[in-house]
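1. Let me see the structure of the following:
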Amino acid sequence: MRDPLPRQRAEECRQTQNWIDRIDNGARRAIYGLIREQGATAMGFLVCSSDSDDLRAVCDRVLVLNDGHVVKELTGDDLEEGRLLSAMIGRREGGARGE
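-> Numbering: from 1, shown residues only. Modelled structure (predicted):
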């Protein structure tokens, strides 16, 4: 039997994202500024989002998950919108659909 924990965590992330979606842009920028400021120290953060702009604004590394499994890791120059969105919808680099 499969472990239900990844699905439970995904649901928790979705609920958090719904809450974040209701925050106005000024407050969102302030929150992300605080995350960036604290992230510059030894503190790390886990950000759950399906919003590529938010992820690129606050993350140095993004792990794209599908059904609880990491399907792509993006860092540095790879963390650009086209590559991030392709990974999120399951497209490979050449445009072919993932498994």
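2. low pLDDT regions in this structure?
-> 1-7, 9, 13-21, 91-99 (pLDDT under 70).
3. how about the helices in it?
-> For the chain, the helices defined by DSSP state H cover 5-21, 25-39, 52-58, 81-89.
4. Looking at the ones you listed, which is nearest to E73?
-> helix 81-89 (8.9 Å; C-beta to C-beta). C-beta: built from backbone N, CA, C; applies to glycine.
5. Now do the buried residues in that closest one.
-> R83, L84, S86, A87, M88 (16 or more other C-beta atoms under 10 Å).
6. Please state the offset of that helix from the chain centre?
-> Centroid separation for helix 81-89 versus its chain: 11 Å, with C-alpha atoms, centre = their mean, to the nearest Å.
7. Any idea what N66 is bridged to?
-> H69 (DSSP bridges).
8. neighbours around it, how many?
-> 14 (other C-beta atoms under 10 Å).
9. just to revisit the earlier point, tabulate the helices of the chain (a markdown table), appending distance to T75.
-> Formatted as a markdown table, the helices of the chain follow (distance: least, C-beta to C-beta, whole Å):
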| stretch | distance to T75 |
| --- | --- |
| helix 5-21 | 20 |
| helix 25-39 | 14 |
| helix 52-58 | 12 |
| helix 81-89 | 11 |
